[in-house]
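*Asks:* Need a 3D model of the sequence below.
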Amino acid sequence: MSTSFTINIIDDNIAECDETFTLTLSVPSSPCGVISGSDDTSEVMIRDDDGVMLSFDQSQYFIEENMTPLSVGLILNRTTSEDVIVEVSVNDRSAKAGIDYDRSGAPLVFNVTISSGVTSSSFDVNINNNTRQDGDTMFSITIRLISTCLPITIKSDTTSVTIIDDDVLRIQFSSTSFSGSESSGEVLVSIVMLGGSFDRNIKIYVSLRGINVIEENDFRPTRLTATIPANATTTTVRVPVMSDSIVEGDEMFSMNLNVPSSLGPGIVAGSVTSATGIILDSTDITVQFTQTQYTGSEDTGFVLVTLELVGGTSSRPFDVTVTPLEQSPVSASNVVYFYYYCIFI
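*Replies:* As a prediction, the model looks like this:
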């Protein structure tokens with residue numbers, strides 16, 4: 001023979017560990033001679049049905065490297081009756097601890113507590129700014145629960161953090177003009193990278209075109225390749241020029257800098273992408289008489305005087321002034337001033 005009774009359980013919205021209470025049986029004095037048996041106590045367990053979800057406050061994180069620190073939140077979808085302790089581990093991927101991120105000397109494995117009655121807590125990771133164009137980098141954050149009786153499920157135990165590189169590098173000529181003597185055989189051209197350095201070699205190109213030079217005689221128009229070494233900010237391009245024995249005066253050629261788009265959006269051309277190269281003429285020639293004395297008769301009406309260039313030739317005509325000086329008494333009509341025009345090629 002048996003009978004039953006019910007005990008009301010109060011439903012709440014608080015995540016709790018399973019709870020128990022004890023029932024004790026006692027029988028009042030009865031004329032029927034009924035007494036309590038040996039099983040006069042029993043335990044009742046209330047299983048908590050308020051499941052809790054633990055998650056990051058974002059599914060993944062993106063931050064520019066100059067926006068430190070990164071704040072990462074841990075959230076519960078409801079309150080709990082006890083503190084929730086979460087172990088956090090920050091791990092390298094392409095980003096490196098101590099170089100790209102850190103916690104100001106604090107360990108990268110640590111505990112975060114979400115106190116009872118609240119639903120969130122957070123921690124910071126410092127993002128280290130630099131002036132290198134090293135592209136976007138990543139690290140990950142993993143969480144796990146420290147032993148607890150609370151009915152907590154982790155939605156996703158790992159998230160990623162992308163550090164967005166904010167260093168735009170600009171490559172340009174260091175000046176708008178460069179010069180070199182033809183006797184040196186080269187014009188040295190300096191190229192600079194503004195805004196920092198890059199962790200790999202960078203190839204760029206310089207196109208040459210003559211302005212007033214005699215191409216093939218003075219230099220060859222071409223496209224030169226320049227390399228800025230990894231972690232450097234400058235490079236020098238050697239433009240070959242040819243020496244000759246012709247007086248030409250200074251000559252010029254143009255240069256255009258090409259920064260390939262394949263280098264990515266973080267490496268672009270600067271403001272000085274055109275420059276002028278000047279070849280300084282280093283040919284020294286002299287003009288002189290071919291003889292120390294010339295003779296002419298009065299009846300011919302002239303004296304033939306010959307001049308010569310010594311040490312080279314000229315690519316264009318130039319004026320030479322010859323002034324007779326009296327060596328013996330002559331009349332004024334014998335003194336002549338004139339310009340002698342020579343074309344030396």
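
*Asks:* Below-threshold pLDDT in the stretch 51-200 of the chain: ranges please.
*Replies:* Within the stretch 51-200 of the chain, the ranges that satisfy pLDDT under 70 run 133, 147.

*Asks:* which residues touch residue 272?
*Replies:* The contact partners of residue 272, taken as C-beta atoms under 8 Å, 6 or more residues apart in numbering, are 172-176, 257. For glycine as for every other residue, the C-beta is placed from the backbone atoms N, C-alpha and C.

*Asks:* same check, this time on residue 108
*Replies:* Applying C-beta under 8 Å, 6+ apart, the residues near residue 108 are 89-91, 97.

*Asks:* redo that, cut-off 6 Å
*Replies:* For residue 108, the contacting residues are residue 90, by C-beta atoms under 6 Å, 6 or more residues apart in numbering.

*Asks:* what about it, distance to residue 278?
*Replies:* Residue 108 sits 57 Å away from residue 278, going by C-beta to C-beta, to the nearest Å.

*Asks:* Might one say that residue 308 is in contact with residue 287?
*Replies:* No: Residue 308 is beyond contact range of residue 287, at 7.5 Å (criterion: C-beta atoms under 6 Å).

*Asks:* These two: which is more packed in?
*Replies:* Higher neighbour count among residue 308 and residue 287: residue 287, with 16 against 13, using other C-beta atoms under 10 Å.

*Asks:* what residues does the helix or strand hosting that one touch?
*Replies:* Assessed by DSSP states H and E, residue 287 sits inside strand 286-289. With C-beta under 6 Å, 6+ apart as the contact definition, strand 286-289 has outside contacts at 307, 310, 320.

*Asks:* Within its sheet, name the partner strands of it and how each one runs.
*Replies:* Neighbouring strands of strand 286-289 in its sheet, by DSSP bridges, are strand 307-310 (antiparallel).

*Asks:* ok, for residue 166, nearest residue in space, not its chain neighbours?
*Replies:* residue 64 (4.8 Å; C-beta to C-beta, 6 or more residues apart in numbering).

*Asks:* so what's the one you found bridging to?
*Replies:* residue 164.

*Asks:* hang on, isn't it packed against residue 163?
*Replies:* No: under the criterion of C-beta under 6 Å, residue 64 is not in contact with residue 163, lying 7.7 Å apart.

*Asks:* quick one, helices of the protein?
*Replies:* Using DSSP state H, no helices are found in the chain.

*Asks:* any idea how it splits into domains?
*Replies:* 53-164, 169-280, 286-342 (automatic domain parsing).

*Asks:* Export those as a markdown table, with columns for distance to residue 19.
*Replies:* Shown next, in a markdown table, are those (distance: least, C-beta to C-beta, whole Å):
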| stretch | distance to residue 19 |
| --- | --- |
| domain 53-164 | 9 |
| domain 169-280 | 58 |
| domain 286-342 | 106 |
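
*Asks:* Which one of those lies nearest to residue 27?
*Replies:* Among the domains of the chain, domain 53-164 comes nearest to residue 27, with 35.7 Å by C-beta to C-beta.

*Asks:* so how far is the first residue of the closest one from its last?
*Replies:* Domain 53-164 has an end-to-end distance of 30 Å (C-alpha to C-alpha, to the nearest Å).

*Asks:* same question, stretch 51-61
*Replies:* 27 Å.
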